[in-house]
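**Student:** the following comprises the amino acid sequence and a computationally predicted model.
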Amino acid sequence: MGIRRLIESKKNSVNQKMLHYYLNNCSDVVFSTGVDFVINYCNDTFCALTGFERSELIGSKLTSILDGQNGERLLFLNNANGSETFRIEISIGSKTGSIKKIECKTSFFQNKLFIFIGRDITAQEGIIKEKDDKIKTGEEEKARSQEILNSIGDGVISLNDKGEVIYVNKQAIDILGFHSEELIGKLLWKKIIMTDDKGQEVQIENRPIRMALFTRKRIYESSYYYKSKDGRFIPVSITATPLVMHDMVVGGVDVFRDITKEREVDRMKTEFISLASHQLRTPLSATKWFAELILDDSKNLNIEQLGLIKNIYTSNQRMIDLVNALLNISRIESGRIINDPKPTDLRKLVEEVVLELTPKIKSKKHNVILSIHGDLPLINIDPRLIRNAYMNLLTNSIKYTKEGGEISIIISKRENELVSQVSDNGLGIPDNQRQRIFEKFFRSSNVIKVETDGTGLGLYLAKAIIESSGGKIWFDSVEYKGTTFWFTLPLSGSVAKEGEVTIDS
Amino acid sequence: MVVEDESLLLEAIGKKLQREGYDVLLCTSAGQAVDYLKNMKENLPDVIWLDYYLTDMNGLEFMDLLGKNENWKRIPVIVVSNSASEQKVAALMKKGVKKHILKADYRLDEIVKIIESYLKKVPVR
């Protein structure tokens, strides 16, 4: 006897109508089966959920619409007795093929009837699964990040907005010697001491990570040392990055690298340069001086011999120039060159350079014009470096301009910079080689033909010097008409830079 | 007096100075130079041409040795070397070196002129 019959037996009752109405309009699914699990009642909600017509459901076995094996779940209902209720979850294969999950409360009614009242939980299952997946991907992502952080060679310390350590990777632990438990939750700038190259402790407000959190900018710093747990001072290169979310600083990341080895290599490079310069200059000096001694005594030579010795002298001199240029480049590239700005009178500096070059200028009968702003202020630059830049530009002009050429040097003042211009009416730079003119060892095709002597390093060096002094350098040129180089120097002066070596020493 | 451990360079310097009419005392090591100075007593050299890197000591150490003797201290010293850092030159000057010259950058002619300029400054004894 199904519910329908139960209802129908009291047909006339308003209560029965109400019950009927309620059963078909409630959001719960309601159905019943006999002890043989043949469906004998179902409400509209159940029909809607499964997609079957009521006529298709009534009289068929519940197991026939269950998905897969979960019919077994019904078996234990056979052991039910009395008015026990059970909570079971069943999956139904709907008519459209989709799987519907129903969480049911099942009661055994009068030993004849199983009544199922349940809710469709398919959607919830989906949400839970999605949530699980999300958690899973989140965990995977975390594990992956952890693995990446532990595999990279740099130490990584992550901080919250207060500066307390919330994460330390393996390398950071290896470099600093602290255990992660000793650091987590502690203020980084209290726990790990940082010193400068003089051994002075770095003020908290100057610590890169503090600055990063405060200024919201990424800070790079490679002149400081971290003090490890065992008291060693480790030179580190640090990148401190603030984490900004929704315009709020929520923390920061301190990534650092132990640069002990780099320092060591650097030191070896310095040593090598000094050694090489010493070793090379000795035989070069010997050749230079012996050739000079022979030339002193030139009355004993015939013209051919004199020419040959002069060639030896010139070639040797070229080698000396090359060694000097190479040394200068290695000094600039290694970043060890000193930039020691002093208030400098550019007029005086240029005049001295011209004076020094006068023998060369005279031998080529060039006309040199100097035009310098009448009220030139002193400018704070390293005179040795800037002198070298002028020297390189002017020797090029002298060398690559035919006899009797015109070379002009103009220094003018702009709002916040001094502009130097060096022009000639010489060979010029071919159009297709303009791009390469500042490259190391590059010499343009037209000058190589005319003048074999040259290192291809002068302009490279000049550019390096001007840029490291805070200026810019550029040029314009028409082949066989002439070339003009311009460079600027900021009136605010160059930034001093400590180093180990000076140019030309 | 010329102190230079590279015999070829020493030979070139010696020849040049002799041609210019100087009495030259050639030393291949600092030790040799000091021995000479000890034996010379009063008749000390007018000027010393000193290479920085010597086999037995460097220029700074040689200057320290000169500094210990009141008479040696007065001899003008010109260091002619292959390389020079700012610090090294400053240290040398502090110890009384008159001038520092980079070898390959100068002709012998030019160095001789520099030497002569210091010779004139030596007080007549």
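**Tutor:** On my side now, so go ahead.
**Student:** how about stretch B:96-113: buried residues?
**Tutor:** Using 16 or more other CB atoms under 10 Å in any protein chain shown as the test for burial, stretch B:96-113 gives B:97-108, B:111-112. (C-beta placed from N, C-alpha, C; glycine too.)
**Student:** contact partners for the spatially closest residue to residue A:481 that is not a sequence neighbour?
**Tutor:** Among residues not flanking residue A:481 along the chain, residue A:428 sits closest, at 5.5 Å (CB to CB, 6 or more residues apart in numbering or on different chains). Contact analysis of residue A:428 by CB atoms under 8 Å, 6 or more residues apart in numbering or on different chains lists A:446, A:477-483.
**Student:** pLDDT score for residue 64?
**Tutor:** Just going to use chain A. Looking at residue A:64, its pLDDT reads 84.
**Student:** let's do chain B instead
**Tutor:** 90.
**Student:** one more: residue A:367?
**Tutor:** Confidence at residue A:367, expressed as pLDDT, is 95.
**Student:** what's opposite it in the beta bridge?
**Tutor:** As for beta bridges, residue A:367 partners with residue A:406 under DSSP bridges.
**Student:** number of nearby residues for it?
**Tutor:** Neighbour count of residue A:367, defined by other CB atoms under 10 Å in any protein chain shown: 11.
**Student:** paired strands for the lengthiest strand in chain A, with orientation please.
**Tutor:** Counting residues, the longest strand in chain A under DSSP state E turns out to be strand A:233-245. According to DSSP bridges, strand A:233-245 has the following sheet partners: strand A:219-227 (antiparallel), strand A:248-258 (antiparallel).
**Student:** mind listing residues that contact that strand?
**Tutor:** With CB under 8 Å, 6+ apart as the test, strand A:233-245 has contacts from A:155, A:175-176, A:195, A:199, A:208-209, A:211-213, A:215-222, A:224-228, A:249-260, A:262-263.
**Student:** ChimeraX command to pick out the buried ones of those?
**Tutor:** Burial among these is assessed by 16+ other CB under 10 Å; the matching ChimeraX selection reads:
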select /A:155,175,176,208,209,211,212,213,219,221,224,225,226,227,228,249,251,252,253,254,255,256,257,258,259
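**Student:** helices of chain B, start to end?
**Tutor:** Ranges of helices in chain B, per DSSP state H, are B:7-19, B:30-40, B:59-67, B:86-94, B:108-119.
**Student:** want to try JSON lines for those helices, with distance to residue A:135 as columns?
**Tutor:** Listed next are these as JSON lines, based on distance: least, CB to CB, whole Å:
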{"stretch": "helix B:7-19", "distance to residue A:135": "79"}
{"stretch": "helix B:30-40", "distance to residue A:135": "78"}
{"stretch": "helix B:59-67", "distance to residue A:135": "70"}
{"stretch": "helix B:86-94", "distance to residue A:135": "62"}
{"stretch": "helix B:108-119", "distance to residue A:135": "82"}
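**Student:** picking that back up, to residue A:15, which of the strands paired with strand A:233-245 lies closest?
**Tutor:** Closest to residue A:15 of the strands paired with strand A:233-245, according to CB to CB: strand A:248-258, at 62.1 Å.
**Student:** what's the next secondary structure element after the closest one?
**Tutor:** Next helix or strand after strand A:248-258 toward the C-terminus (DSSP states H and E): helix A:260-296.
**Student:** close to chain B, is the helix or strand following that next one?
**Tutor:** Proceeding N to C from helix A:260-296, the next assigned helix or strand is helix A:303-333, under DSSP H and E. Yes. If you take CB under 8 Å from any CB of the partner chain as the test, helix A:303-333 does meet chain B, through A:320, A:323-324.
**Student:** export those residues to TSV and append columns for neighbour count and pLDDT.
**Tutor:** TSV is the format used below for the residues of helix A:303-333 next to chain B (neighbours: other CB atoms under 10 Å in any protein chain shown; pLDDT from 0 to 100):
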residue	neighbour count	pLDDT
A:320	20	88
A:323	17	84
A:324	22	82
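**Student:** next secondary structure after the host helix or strand of residue A:128?
**Tutor:** Element membership for residue A:128 (DSSP H and E) is helix A:122-151. For helix A:122-151, the succeeding helix or strand toward the C-terminus, using DSSP H and E, is strand A:155-160.
**Student:** which helices and strands does that next one pack with?
**Tutor:** Helices and strands touching strand A:155-160, by 3 or more CB pairs under 8 Å, 6 or more residues apart in numbering or on different chains; DSSP states H and E, are strand A:165-168, helix A:170-176, strand A:248-258.
**Student:** let's have these in CSV, adding distance to residue A:374.
**Tutor:** What follows is those, written out as CSV (distance: least, CB to CB, whole Å):
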stretch, distance to residue A:374
strand A:165-168, 61
helix A:170-176, 59
strand A:248-258, 52
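**Student:** so the spatially most central residue of chain A bridges to which residues?
**Tutor:** Nearest to the geometric centre of chain A sits residue A:239, at 9.5 Å (CA atoms, centre = their mean). Counting by DSSP bridges, residue A:239 is bridged to residue A:220, residue A:255.
**Student:** need the contact list for the nearest residue to residue A:91 once chain neighbours are set aside.
**Tutor:** Excluding the flanking residues, the one nearest residue A:91 by CB to CB, 6+ apart is residue A:67, at 3.9 Å. Residue A:67 sits next to A:91-93, A:99 when contact means CB under 8 Å, 6+ apart.
**Student:** can you tell me how far the residue nearest to residue A:481 is from residue A:454?
**Tutor:** The gap separating residue A:428 from residue A:454 is 15 Å, by CB to CB, to the nearest Å.
**Student:** around chain A, pick out the residues from chain B.
**Tutor:** B:6, B:8-9, B:12-13, B:15-16, B:19, B:53, B:82-86, B:89, B:102-105, B:107-109.
**Student:** show me what contacts the residue nearest to residue A:207 when sequence neighbours are not counted?
**Tutor:** Excluding the flanking residues, the one nearest residue A:207 by CB to CB, 6+ apart is residue A:189, at 5.0 Å. Counting by CB under 8 Å, 6+ apart, residue A:189 makes contact with A:163, A:204, A:207, A:209-210.
**Student:** low-confidence ranges, chain B, go.
**Tutor:** B:84, B:120-125 (pLDDT under 70).
**Student:** who's in contact with the spatially most central residue of it?
**Tutor:** By CA atoms, centre = their mean, chain B has its centre lying nearest to residue B:49, at 2.1 Å. Neighbour list for residue B:49: B:1-4, B:13, B:78, B:80, B:111, B:115 [criterion: CB under 8 Å, 6+ apart].
**Student:** cool, residue A:462 as well?
**Tutor:** Contacts here follow CB under 8 Å, 6+ apart; on that basis residue A:462 touches A:388-389, A:392-393, A:473, A:485, A:487.
**Student:** where's it relative to residue A:136, distance?
**Tutor:** 60 Å.
**Student:** sorry, back to before: closest to chain B among the residues of helix A:303-333 next to chain B?
**Tutor:** Closest to chain B out of the residues of helix A:303-333 next to chain B is residue A:320 (4.6 Å), distances taken as CB to the nearest CB.
**Student:** got a list of what that closest one touches?
**Tutor:** The contact partners of residue A:320, taken as CB under 8 Å, 6+ apart, are A:281, A:284, A:288, B:104-105.
**Student:** CSV for those residues, including distance to residue A:272?
**Tutor:** CSV is the format used below for the contacts of residue A:320 (distance: CB to CB, whole Å):
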residue, distance to residue A:272
A:281, 14
A:284, 18
A:288, 23
B:104, 18
B:105, 21
